[in-house]
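build me a structure from this.
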Amino acid sequence: SRLGDGAATAGPASRLAVAEEYIGRHLSDPALSAGRVAEAVGVSARQLSRIFEPSGVSPSRRILELRLARAREQLADDGSRRLTVAEIAHRWGFASQAHFTRVFGDRFGHTPGAIRPGR
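Numbering: from 1, shown residues only. This next block holds a predicted model:
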């Protein structure tokens, strides 16, 4: 769903805020992509990349970083002990546990299971 005409005519800082808000609301959707964010904000994928340039990360990288952070928080939460790593990965938009485990290890330096409570 597109976010209204004001997003397309707003300045880069406000379009970045709109994009970030859209990403936050759709983070658990496995189909979330830079293309979908661009469409929602009302800009091209290239323009969205330009909007994200000052932040130092691409839109796709921002999505990945936020998903990893949320998954890490949930993995460390004692209240989520009953959930498997695969369930948490899926909950935050990762289609594959293997991919999640690889990118999690690359980002944090250990496996997702290593931060589970009681480890």
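
which stretches of this protein have low pLDDT?
1-12, 119 (pLDDT under 70).

what helices and strands are in contact with whichever helix in it runs longest?
When the chain is scanned for its longest helix (criterion: DSSP state H), the result is helix 59-76. The elements that helix 59-76 packs onto, with contact taken as 3 or more C-beta pairs under 8 Å, 6 or more residues apart in numbering; DSSP states H and E, are helix 12-26, helix 34-41, helix 45-52, helix 85-91, helix 97-108. Heads up, the C-betas are built off the backbone N, CA and C, glycines and all.

how about residues contacting that helix?
Helix 59-76 has contacts (C-beta atoms under 8 Å, 6 or more residues apart in numbering) with 19-20, 23-24, 27, 32-34, 37-38, 48-49, 52, 55, 57, 80, 83, 85, 88-89, 91-94, 100, 103-104, 107-108, 112-113, 115-117.

how close does the residue nearest the centre of the chain sit to V18?
The residue lying closest to the centre of the chain (C-alpha atoms, centre = their mean) is I63, at 2.7 Å. Between I63 and V18 the computed distance is 15 Å (C-beta to C-beta, to the nearest Å).

same question, S96
For S96, the distance to V18 under the criterion C-beta to C-beta works out to 30 Å.

between the two, tell me which one has more neighbours.
When S96 is set against V18 and neighbours are counted by other C-beta atoms under 10 Å, the residue ahead is V18, at 22 against 12.

need the helices and strands packed on helix 59-76 in TSV (columns: distance to R67).
Compiled in TSV, the helices and strands packed on helix 59-76 are given as follows (distance: least, C-beta to C-beta, whole Å):
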stretch	distance to R67
helix 12-26	10
helix 34-41	13
helix 45-52	16
helix 85-91	9
helix 97-108	9
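
please identify the most buried of those.
Mean neighbour count, computed with mean count of other C-beta atoms under 10 Å, is highest for helix 34-41 among these, reaching a mean of 20.

and that helix, what does it pack onto?
If you count contacts as 3+ C-beta pairs under 8 Å, 6+ apart, helix 34-41 packs onto helix 5-9, helix 12-26, helix 45-52, helix 59-76.

right, I'll leave it there.
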